[in-house]
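J.: Need a 3D model of the sequence below.
(2 chains)
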Amino acid sequence: MEAKPSNLVDQLVVPGDVILDLSNMANQTLKLGGGLRQDGDSICVMKAGKLRFMKPNKYWVESSQKRYVPSAGDNVLGVVVDTKPENFLVDIKGPALAFLPVLSFEGGTRRNIPKFEVGTLLYVRVVSANTGMNPELSCMDANGKAAEYGVLKEGYMFESSTGLARALLSSPPHPVLEGLGKKLSFEIAVGINGRFWVNASQSSTVILVGNAIQKSESLSLVQQKIYLEKLLKSIQ
Amino acid sequence: MTVNEKKFIESALLSDIRVDGRRPFDYRNLTIRFGSEDGSAEVQLGQTQVIGFVTGQLSQPYRDRPNEGSFAIYTEFSPMADPSFEPGRPGETAIELGRIVDRGLRESRAVDTESLCVIAGKLVWSIRIDLHIIDNGGNLVDAANIAALAALSTFRRPECTLGGEDGQELIVHPPDEREPLSLILHHFPVAVTFGFIGKENTVVIDPTHYEEAVMGGSMTATLNTNGDVCAIQKAGGDAVSQTVIMQCLRIASVKAGDITSKIKDAVESYNTQRSLRKIKRHNPDQQGSSDVAKRHMERLTVGSDQSGIASQFNEHDKTNKRNSTLKGFSGGPASWDPYSKGVDGDALRTSLASRVAPVDKQKEESSQVNPETKSNPKSSETNSIALTHEVGLERKQSKSLKDAVKPKHKRRNKSNAS
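T.: The predicted structure is shown next:
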């Protein structure tokens, strides 16, 4: 028998809310994601945010903050802060600096170690992130290919919250991003750690796109559409 | 700070735009808010937030300046403002910021220290200005300076008089007894900071903290609206040519005018709100007549100050004025009183009182309009003198509005009216 999803799905929950009572649900397995905890016979919320549910049995809480909690499999934007013989030390807006091994590049050997100066912007993948340890990064995907990872040249990096980063990566696409993409030509890389990078042929385009996305975070869907219209009119 | 950011900021400036969409000589949005206490101000300049707090204390003056008060500036860079701020002793930037704000106020003699003297050689007011940096979004100096000016403009110190048996004892009056006095500020020294970015010495005004990280040098010019340059600070950094500095000073004087008018508007609205608050709290049935009179006088003086007519009565003798108005008085308040603000206050008072007081008091209210309008010219003289005299002469017999004026008035009015 499939479980009835909790009636709090897609609603804002705060720590202490009980989303499911397990006493009347026997013989079922549930998968709990971030922000939820089992307390005896009830599932309680630990982090404030929106409760999400995916069939058949996954629950998790989605929240948005300025800090990033590294977790394996995420694509993030990192800034090189130091070089060591074995690793590059990269800041990914998490509690600890992450290590990027010098060999985790496609075709990387001891002879062609890339030279990154302090302040280089990289698009990398988080390989492993355990609490208490420094996260590990890689510039290759799971198959060992470079994919899109590596150095991001030119352009400008803007800061955002983790929620906005998720919204920029979601499908259906973010309305402001989609609308601007139809009129302007620019390149954008979004890190789930709350950073996004924009590049275009003209500085004014970069500034316009970056500021528009940052400002649209606090607007509702309808307000975003209105904001987008005004913006596009002012460009013409 | 990435390499991309540095290059981008410089290249964008070549086309005269900055990362947040501003032009090189645009200031960020400035908001000035005041706290519930006099002398506290919170300034937000873009993302930068600074809180200024002014307090006063009686102390001994310096030996070489026995009849001048003193003021000192203390800065605190809260660690929540920036990851690089450490708690504890102020670092180099904190001390430099304090020095710039202090120099702007002290060297230009913006704060009148002689009016802070109570007993020459023995007791003076020493003013302490605390500046707390809450959020560092760049350009802390300008925001801190505006916070200091706003807080100084709204600060009030208690009134002190010499009294006691031998007239040598100092009495500090609490605020509910006598209205506290504000400081005398001769002018507003406003700090304007410029950042020099790149090799071509591109100048930006009001740098954000990203721009501060890439700029090669900075200069802070403190000016006032009279066209005086109160102070200039350029500590190290890239060399800048003379023409660029002159251009910066010209731009700074324009910006200083904008900022001064914003500060003055904010202070004025705060002061009107403050006096409105005092009226609302007043309840004629429950408070002593001295409070009644004090609030009444204060409100009427506020009214007459705003109408700008106070100066006319400074020369007149009080009794002469009273006599002439008594003779000229012929009935309703609007017939002779040119200061309509005072009349409005009366209408408000009577409506408030009639709402609060029982019905039988309404007859008293109507006759009280007469003595109140007479007291108008009295109250339009200078604040402190009028207040001192009026408060001293009141009786505390009954608690109605009629007792707000001198008994002489009441008797004459009754004879006139009847």
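
J.: use CA for all of it now, contacts and neighbours both
T.: Noted.

J.: Give the closest residue to residue 70 in space, chain neighbours not counted.
T.: You didn't say which chain, so I picked chain A. A:Ala129 (5.8 Å; C-alpha to C-alpha, 6 or more residues apart in numbering or on different chains).

J.: Please refer instead to chain B.
T.: Residue nearest to B:Ser70 in three dimensions, not counting chain neighbours: B:Ser126, with 4.7 Å by C-alpha to C-alpha, 6+ apart.

J.: Enumerate the beta-bridge partners assigned to the one you found.
T.: Using DSSP bridges, the beta-bridge partners of B:Ser126 come out as B:Gln57, B:Ser70.

J.: burial count for it?
T.: Number of residues near B:Ser126 (other C-alpha atoms under 10 Å in any protein chain shown) recorded here: 20.

J.: Surely it and B:Tyr62 touch.
T.: No: assessed by C-alpha atoms under 8 Å, B:Ser126 is found out of contact with B:Tyr62, at 10.5 Å.

J.: show me the contacts for the residue nearest to B:Ser70.
T.: Remark: with contacts taken as C-alpha atoms under 8 Å, 6 or more residues apart in numbering or on different chains, B:Ser126 is in contact with B:Gly56, B:Gln57, B:Leu58, B:Ser59, B:Gly69, B:Ser70, B:Phe71, B:Ala72, B:Leu116.

J.: so can I have TSV of these showing neighbour count?
T.: Shown next, in TSV, are the contacts of B:Ser126 (neighbours: other C-alpha atoms under 10 Å in any protein chain shown):
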residue	neighbour count
B:Gly56	19
B:Gln57	13
B:Leu58	16
B:Ser59	16
B:Gly69	25
B:Ser70	23
B:Phe71	18
B:Ala72	13
B:Leu116	23
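
J.: closest to A:Leu121 among these?
T.: Proximity of those to A:Leu121 (C-alpha to C-alpha) peaks at B:Ala72, which lies at 45.2 Å.

J.: Okay, and the closest one sits in which element?
T.: strand B:70-77 (DSSP states H and E).

J.: What lies in contact with that strand?
T.: Under the criterion C-alpha under 8 Å, 6+ apart, residues B:61, B:85-87, B:90, B:94-95, B:97-98, B:101-102, B:113, B:116, B:124-134 lie in contact with strand B:70-77.

J.: Output it as CSV, nothing but the C-alphas.
T.: The C-alpha trace of strand B:70-77 is given here as CSV (Å, rounded to 0.1, in the frame of the first residue of the first chain):
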residue,chain,number,x,y,z
SER,B,70,34.9,68.4,25.3
PHE,B,71,33.8,65.6,23.0
ALA,B,72,35.4,62.3,22.1
ILE,B,73,34.7,59.7,19.4
TYR,B,74,34.9,55.9,20.0
THR,B,75,34.6,53.4,17.2
GLU,B,76,33.7,49.8,17.4
PHE,B,77,34.0,47.5,14.5
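
J.: pLDDT wise, what is residue 67 at?
T.: No chain was given, so I picked chain A. What the model reports as pLDDT for A:Arg67 is 86.

J.: meant chain B, my bad for not saying
T.: We have a pLDDT of 89 for B:Asn67.

J.: for the stretch 101-250 of chain B, which spans come out with low pLDDT?
T.: Where the stretch 101-250 of chain B drops to pLDDT under 70, the residues are B:167.

J.: What segments of it are strands?
T.: For the stretch 101-250 of chain B, strands defined by DSSP state E, counting those that start in this stretch occupy the ranges B:117-119, B:123-135, B:156-157, B:160-163, B:169-172, B:181-182, B:190-197, B:202-205, B:217-223, B:229-233.

J.: Report the angle between the second one and strand B:70-77.
T.: Same thing as strand B:123-135. Here the directions of strand B:123-135 and strand B:70-77 differ by 20 degrees (axes from the mean of the first three to the mean of the last three C-alpha atoms, to 10 degrees).

J.: who touches the residue of chain A found nearest chain B in this structure?
T.: Ranked by C-alpha to the nearest C-alpha, the top residue of chain A for proximity to chain B is A:Gly119, at 4.1 Å. If you count contacts by C-alpha under 8 Å, 6+ apart, A:Gly119 has them with A:Val79, A:Val80, A:Val81, B:Met1, B:Thr2, B:Val3, B:Asn4.

J.: how many other residues sit next to the second one?
T.: Okay, so that is A:Val80. Using other C-alpha under 10 Å, A:Val80 has 24 neighbouring residues.

J.: ok, now which ones touch it?
T.: Contacts of A:Val80 (C-alpha under 8 Å, 6+ apart): A:Phe88, A:Leu89, A:Val90, A:Asp91, A:Phe116, A:Glu117, A:Val118, A:Gly119, A:Thr120, A:Leu121, A:Leu122.

J.: still on that earlier bit, against chain A, how distant is the residue nearest to B:Ser70?
T.: Remark: distance between B:Ser126 and chain A (C-alpha to the nearest C-alpha, to the nearest Å) = 43 Å.

J.: what helix or strand is residue 90 on?
T.: Just so you know, I chose chain A. According to DSSP H and E, A:Val90 maps onto strand A:87-91.

J.: Which secondary structure elements does that strand sit against?
T.: strand A:75-83, strand A:98-101 (3 or more C-alpha pairs under 8 Å, 6 or more residues apart in numbering or on different chains; DSSP states H and E).

J.: Pull up the per-residue confidence for the residue most central in space within chain A.
T.: A centroid search over chain A (C-alpha atoms, centre = their mean) returns A:Ile192, at 1.4 Å, as the residue closest to the centre. Looking at A:Ile192, its pLDDT reads 93.

J.: So what does it have for phi and psi?
T.: Torsion angles at A:Ile192 (phi, psi; degrees, to the nearest 10) stand at phi -70, psi -10.

J.: ok, now which ones touch it?
T.: Taking C-alpha under 8 Å, 6+ apart, we find A:Ile192 in contact with A:Asp74, A:Asn75, A:Val76, A:Leu77, A:Thr162, A:Ala165, A:Arg166.

J.: Out of the residues you listed, give me the one that has the most neighbours.
T.: With neighbours taken as other C-alpha under 10 Å, the top of the contacts of A:Ile192 is A:Leu77, carrying 28 neighbours.

J.: What residues are bridge-paired with that residue?
T.: Counting by DSSP bridges, A:Leu77 forms beta bridges with A:Tyr123.

J.: Provide the contact partners of the helix ranked longest in chain A at residue level.
T.: In chain A, ranked by residue count with DSSP state H as the criterion, the top helix is helix A:221-235. Contacts with helix A:221-235, where a contact means C-alpha under 8 Å, 6+ apart, come from A:Pro175, A:Val176, A:Gly179, A:Leu180, A:Lys183, A:Ser216.

J.: Got a quick ChimeraX command for the buried subset of the residues you listed?
T.: Here is the ChimeraX command that picks out the buried ones among the contacts of helix A:221-235, judged by 16 or more other C-alpha atoms under 10 Å in any protein chain shown:
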select /A:175,176,179,180,216
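
J.: Narrow the contacts of helix A:221-235 to those in helices?
T.: A:Pro175, A:Val176, A:Gly179, A:Leu180, A:Lys183.

J.: So which residues on the stretch 1-150 of chain B come close to chain A?
T.: Within the stretch 1-150 of chain B, the positions lying close to chain A (C-alpha under 8 Å from any C-alpha of the partner chain) are B:1-5, B:7-8, B:11-12, B:17-21.

J.: Restricted to buried residues, select those residues in ChimeraX.
T.: The buried residues among the residues of the stretch 1-150 of chain B next to chain A can be selected in ChimeraX (16+ other C-alpha under 10 Å) with this line:
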select /B:1,2,3,4,5,8,11,12,17,18,19
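
J.: Tell me the one among the residues of the stretch 1-150 of chain B next to chain A nearest to chain A.
T.: So of those, ranked by how close each gets to chain A (C-alpha to the nearest C-alpha), first place is B:Thr2, at 4.1 Å.

J.: confidence score at the closest residue to that closest one other than its chain neighbours?
T.: Sequence neighbours aside, A:Gly119 is the residue nearest to B:Thr2 in space, at 4.1 Å (criterion: C-alpha to C-alpha, 6+ apart). Model confidence at A:Gly119, expressed as pLDDT, equals 92.
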